[in-house]
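> generate coordinates for the sequence data below:
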Amino acid sequence: MATKVSKVKFKKIHRSENDINVKERMLLVLKVTYDKQIPAQVERDLQKQNMGF
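Coordinates of the predicted model:
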């Protein structure tokens, strides 16, 4: 069973996360779930950021 978390609480948890891989996945969830962005577009944007473009 999934638990719903408010956007504010999720952002707070995201900011406190230390593992960069988990933090990136959480950002993907944040943008898709709360900001209603398209998953493939968010993934491309994250890849561009990681490559330094």
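> can you list contacts of stretch 35-47?
Where contact means Cβ atoms under 8 Å, 6 or more residues apart in numbering, the residues beyond stretch 35-47 that reach it are 24, 27, 28, 31, 32. For every residue, glycine as well, the C-beta is placed using N, CA and C.
> for the third one, which non-adjacent residue is spatially closest?
Excluding the flanking residues, the one nearest residue 28 by Cβ to Cβ, 6 or more residues apart in numbering is residue 42, at 5.6 Å.
> for the one you found, give me the pLDDT.
Note for residue 42: predicted pLDDT of 91.
> for residue 4, same thing?
Confidence per residue is given as pLDDT, and for residue 4 that number is 83.
> any idea how far it lies from residue 50?
With the distance defined as Cβ to Cβ, to the nearest Å, residue 4 ends up 29 Å from residue 50.
> do residue 6 as well
Residue 6 sits 28 Å away from residue 50, going by Cβ to Cβ.
> can you get me a residue count around residue 13?
Residue neighbour count, defined by other Cβ atoms under 10 Å, stands at 13 for residue 13.
> quick one: contacts for it?
Contacts of residue 13 were listed using Cβ under 8 Å, 6+ apart, and they are 5, 26.
> can you do 6 Å?
Contact partners of residue 13, counting by Cβ atoms under 6 Å, 6 or more residues apart in numbering, are absent.
> equivalent analysis for residue 26, please.
With Cβ under 6 Å, 6+ apart as the criterion, the residues that contact residue 26 are residue 14.
> tell me which residues of the helix or strand of the chain with the lowest mean pLDDT come out buried.
Of all the helices and strands that make up the chain, the one with the lowest confidence by mean pLDDT, DSSP states H and E is helix 39-51; it has a mean of 87. Using 16 or more other Cβ atoms under 10 Å as the test for burial, helix 39-51 gives residue 42.
> now that helix, how far from the chain's geometric center?
Put simply, helix 39-51 sits 11 Å off its chain's centre (Cα atoms, centre = their mean, to the nearest Å).
> and stretch 17-29, by the same measure?
Stretch 17-29 has its C-alpha centroid displaced from the chain centroid by 6 Å (Cα atoms, centre = their mean).
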